[in-house]
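[1] Need the 3D shape of this:
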Amino acid sequence: MANVVDFKAAQKQAKSAAAPAKTRFEALDILRGLFLIGMLLANNAGDWGHIYAPFDHAEWHGFTMTDMVFPGFMVCVGMSMSLSLGRRMATGGKAQMAVHALRRAAILVGIGLFLNLLPHFDFAHWRFPGVLQRIGVCYAIATGLLLLHSHQDADGKLIVHGRALAAWGAGLLIAYGVLLRYAPVPGFGANHFDAVMSWPAYVDRMVFGLDHIWSGGKTYDPEGILSTFPAVFNILAGLLVGMLIKAKTPAKAVGQVMWIGLILTVLGLALDPVFPIIKKMWTPSFALLTSGIAFLMLSALMLVMDRLGHKKWAMPIRVFGMNAILAYVFAWLLSVALDVTGVYRATTTWLLGVIGDPYAMSLAFAVLVLIVCWLFVLPFYLKRIFLKV
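    Okay, here's the model as predicted:
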């Protein structure tokens, strides 16, 4: 199966003054915004010992609402790639697209590494993996696979070989699953899905060392090396579904996106007994489940916004969705500033005195941080300034 992107049509749409209002895939902006909101609420608890279960990660096996956020955002990255294919190729071809992908990946990794140094610049315990690092690396890998399995025909159309990309996505999950279940980890044996004896934990300790992985565990990193490869599946899934939506239009693709989401969700749940759903290892079942849920959410948004035409309600979420990286980086810097200045402790102490319940206080603080971040990003949205790396 091949998917066709018309370069000339994409170029004309990009130059048209009315194009942004008519052609922007707004449901994707809202989905991205929802996932970012989830990230900010999860990352800014007022009391890490008192968090409502849906706003916390699963301790290990299983999943919560918060566990769906990051992999869902990765799906959005893939869909965004599908929307920019024609424009990227029309302005410079495959070479330009490769340069852009490497540049973007390097910037994301660089920002992530810098944020991990804050606030003390403790190079001896500098965490190397991270959320932005994973996005950058997975984006670069997915772009490389796209360039490998596509070509430009004589009429200026990009021919993307969807079956090859789908095979890569499935192959990554199968290979990772076989490694986890059947390949013996040195010193521990095979079939381990824990934080110490599993392949991802072992590789992270061997490559990075204990001083350069996640401080919350010290035996593994949730964004480590091996678990990066199944995460590429989320981007490839988003890319393929994005091309489907672009070919059919969002209003007409609602049903197909819903069925794809349902199939992936059921498949992920069905595989749980064999490959446990574990976010911190990004197991094959987790990759399938999270991609499926992202598509189910997207199909609901497409139904409401593209088929029924109800879009005005989503403006507050769109503010985040159209400037996700800017909001994420600002939230991180704000969190560091609140901590080093003592404002974090003073605010949470005051909130606890007013609210009384530590769980409610913890969520209230996260909501306050969310509001501050929204107010920061709002002027950029109103002035149509969007950070793109």
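
[2] State which helix of the protein is the longest.
    Longest helix of the chain, by residue count under DSSP state H: helix 69-117.

[3] which is the next helix or strand following that one?
    helix 131-148 (DSSP states H and E).

[4] and that following helix, C-alpha only, in CSV?
    The C-alpha trace of helix 131-148 is given here as CSV (Å, rounded to 0.1, in the frame of the first residue of the first chain):
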residue,chain,number,x,y,z
VAL,A,131,11.4,13.1,27.7
LEU,A,132,12.7,15.6,25.1
GLN,A,133,15.7,13.3,24.4
ARG,A,134,13.3,10.4,23.6
ILE,A,135,11.1,12.6,21.4
GLY,A,136,14.2,13.8,19.5
VAL,A,137,15.8,10.4,19.0
CYS,A,138,12.5,8.6,18.1
TYR,A,139,11.6,11.5,15.6
ALA,A,140,15.0,11.1,13.9
ILE,A,141,14.7,7.3,13.6
ALA,A,142,11.1,7.6,12.3
THR,A,143,12.2,10.2,9.7
GLY,A,144,15.1,8.0,8.6
LEU,A,145,12.7,5.1,8.1
LEU,A,146,10.3,7.3,6.1
LEU,A,147,13.1,8.5,3.9
LEU,A,148,14.3,5.0,3.4
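
[5] mind showing which ranges of the stretch 51-200 of the chain have poor pLDDT?
    Where the stretch 51-200 of the chain drops to pLDDT under 70, the residues are 86-92, 155-156.

[6] got a list of what residue 183 touches?
    Residue 183 is in contact with 190, 199, counting by CB atoms under 8 Å, 6 or more residues apart in numbering. C-betas here are computed from N, CA, C, even on glycine.

[7] so how far is the longest helix of the chain off the chain centroid?
    How far helix 69-117 lies from its chain's middle: 12 Å, per CA atoms, centre = their mean, to the nearest Å.

[8] I'd like to know how far residue 104 sits from residue 80.
    Distance of residue 104 to residue 80, computed by CB to CB, to the nearest Å: 11 Å.

[9] returning to what we had before: and the angle from the longest helix of the chain to helix 131-148?
    120 degrees (axes from the mean of the first three to the mean of the last three CA atoms, to 10 degrees).

[10] Residue numbering should commence at 55 henceforth.
    Let's use 55 as the start, then, which means that last one is helix 123-171.

[11] count of neighbours near residue 150?
    13 (other CB atoms under 10 Å).

[12] Could you count how many residues lie near residue 103?
    That count, for residue 103 with other CB under 10 Å as the rule, works out to 8.

[13] And it, how far from residue 408?
    Taken as CB to CB, the span from residue 103 to residue 408 is 19 Å.

[14] Which SSE is immediately downstream of the host helix or strand of residue 390?
    Assignment of secondary structure by DSSP H and E places residue 390 within helix 378-395. For helix 378-395, the following helix or strand on the C-terminal side (DSSP H and E) is helix 397-409.

[15] Just the residues contacting that following helix, thanks.
    100-101, 389, 391-392, 412, 415-416, 418-419, 422.

[16] CA atoms only for the helix or strand where residue 233 lies, dumped as CSV, please.
    Using DSSP H and E, residue 233 sits within helix 216-236. The C-alpha trace of helix 216-236 is given here as CSV (Å, rounded to 0.1, in the frame of the first residue of the first chain):
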residue,chain,number,x,y,z
GLY,A,216,3.0,2.4,4.2
ARG,A,217,3.4,-1.3,4.4
ALA,A,218,7.1,-1.1,4.9
LEU,A,219,6.7,1.5,7.7
ALA,A,220,4.0,-0.7,9.3
ALA,A,221,6.3,-3.7,9.0
TRP,A,222,9.1,-1.7,10.8
GLY,A,223,6.7,-0.7,13.6
ALA,A,224,5.5,-4.3,14.1
GLY,A,225,9.1,-5.6,13.8
LEU,A,226,10.4,-3.3,16.5
LEU,A,227,7.7,-4.5,18.9
ILE,A,228,8.2,-8.1,18.1
ALA,A,229,12.0,-7.9,18.4
TYR,A,230,11.8,-6.0,21.7
GLY,A,231,9.3,-8.5,23.0
VAL,A,232,11.4,-11.5,22.1
LEU,A,233,14.4,-9.9,23.7
LEU,A,234,12.6,-9.2,26.9
ARG,A,235,11.0,-12.7,27.2
TYR,A,236,13.6,-15.1,25.7
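
[17] Tell me the buried residues in it?
    Applying a neighbour-count criterion of 16 or more other CB atoms under 10 Å, the buried positions in helix 216-236 are 216, 218-220, 222-223, 226-227, 230-231, 233-235.

[18] List the contacts of it.
    For helix 216-236, the surrounding residues in contact (CB under 8 Å, 6+ apart) are 55-57, 199-200, 202-203, 244-247, 252-253, 280, 283-284, 286-287, 290-291, 293-294, 297, 328-329, 335, 337-338, 341-342.
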